[in-house]
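Engineer: when you get a sec, could you give me coordinates for this:
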Amino acid sequence: MRIRIDDPEQGVANYEPLKAWALEQTAVYKGMIVDEAAVPEAKADVAALRKLAKAASDARIKIKKEHEAKIGTVLAQLTEFSAISTDAAGAIDGQIKAFDETRKQEKRAECEQVYQEEIGDLGDLIPFGKLFAPSWLNKSTSLKTVRDDIQAAVYNAQEALKQIRAFGSTHESEIIAAYLERLNVLDALAAKERLEKVDAAMEARRKVEADKAAEAAQAAQDRQEPAPVGDLPDFPEEPE
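Structural biologist: Numbers count the residues shown, from 1 in each chain. You can find the predicted model right below:
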């Protein structure tokens, strides 16, 4: 058996017979115990297989070198052009991103102007960043939508603050701070409940301590009062 290559671009001419023969040798010897009589034939098969393996490897290396030499120029050109194209695309993409970033900064400034017009007396409590939504910078989002969003947020905040102040809680500032963290009324209600529980626990502890103090004071007073003395007996008067 030998490897026959008539045209490298067409592959090995007798590849299938070669492959079938090699697989057949594998099947024959797999699991077979070679005895003394079969050793010469087995060695010949091993030598033939190794010779074919080397021939295949040598042919592969030779064909690869020959074809790389023939197409070396085009490969270098394609590699260079790919790098140039990638650099050009990166430069253009950088310009596009810079332009888009500038547009977004301009849109953000416009949104902040709308915020200044609508926030009223809540400006100290709710900064622009608290209301800002990244979607406002999208080209498809109009300034009317931004204004509507801010007006709705201002109205909701005003109503929430009215509700919180109506509680009349001694912890009003803490409850408002909890609300302003995420502009969520549920956060304010949770803070109110938590603070009221703390107050109730402290009041209960003060009452227990006051009761203990009163009991201790009463016990001390009881220890200081003299025991009652009984009536003294009558004694006869001495003669003058």
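
Engineer: per-residue pLDDT, residue 234?
Structural biologist: What the model reports for residue 234 is a pLDDT of 61.

Engineer: swap that for residue 7, please
Structural biologist: At residue 7, the pLDDT value in this model is 79.

Engineer: can you get me a residue count around it?
Structural biologist: Residue neighbour count, defined by other C-beta atoms under 10 Å, stands at 7 for residue 7. Where C-beta positions appear, they are placed from N, C-alpha and C, glycine not excepted.

Engineer: how about the helices of the protein, start to end?
Structural biologist: In the chain, the helices defined using DSSP state H lie at 15-29, 39-118, 128-131, 143-166, 172-182, 185-224.

Engineer: in the third one, what's buried?
Structural biologist: Within helix 128-131, the residues scored as buried using 16 or more other C-beta atoms under 10 Å are 128, 131.

Engineer: CA atoms of that helix as PDB?
Structural biologist: Presented in PDB, the C-alpha positions along helix 128-131 are these (Å, rounded to 0.1, in the frame of the first residue of the first chain):
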ATOM      1  CA  PHE A 128     -32.000  66.000  39.700                       C
ATOM      2  CA  GLY A 129     -30.100  62.800  39.900                       C
ATOM      3  CA  LYS A 130     -32.800  61.300  42.100                       C
ATOM      4  CA  LEU A 131     -35.400  61.700  39.300                       C
END
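
Engineer: check which helices and strands it is in contact with.
Structural biologist: helix 39-118, helix 143-166 (3 or more C-beta pairs under 8 Å, 6 or more residues apart in numbering; DSSP states H and E).

Engineer: and the gap between the closest residue to residue 150 other than its chain neighbours and residue 132?
Structural biologist: With C-beta to C-beta, 6 or more residues apart in numbering as the criterion, residue 150 has its nearest non-adjacent residue at 4.6 Å, and that residue is residue 118. For residue 118, the distance to residue 132 equals 13 Å [C-beta to C-beta, to the nearest Å].
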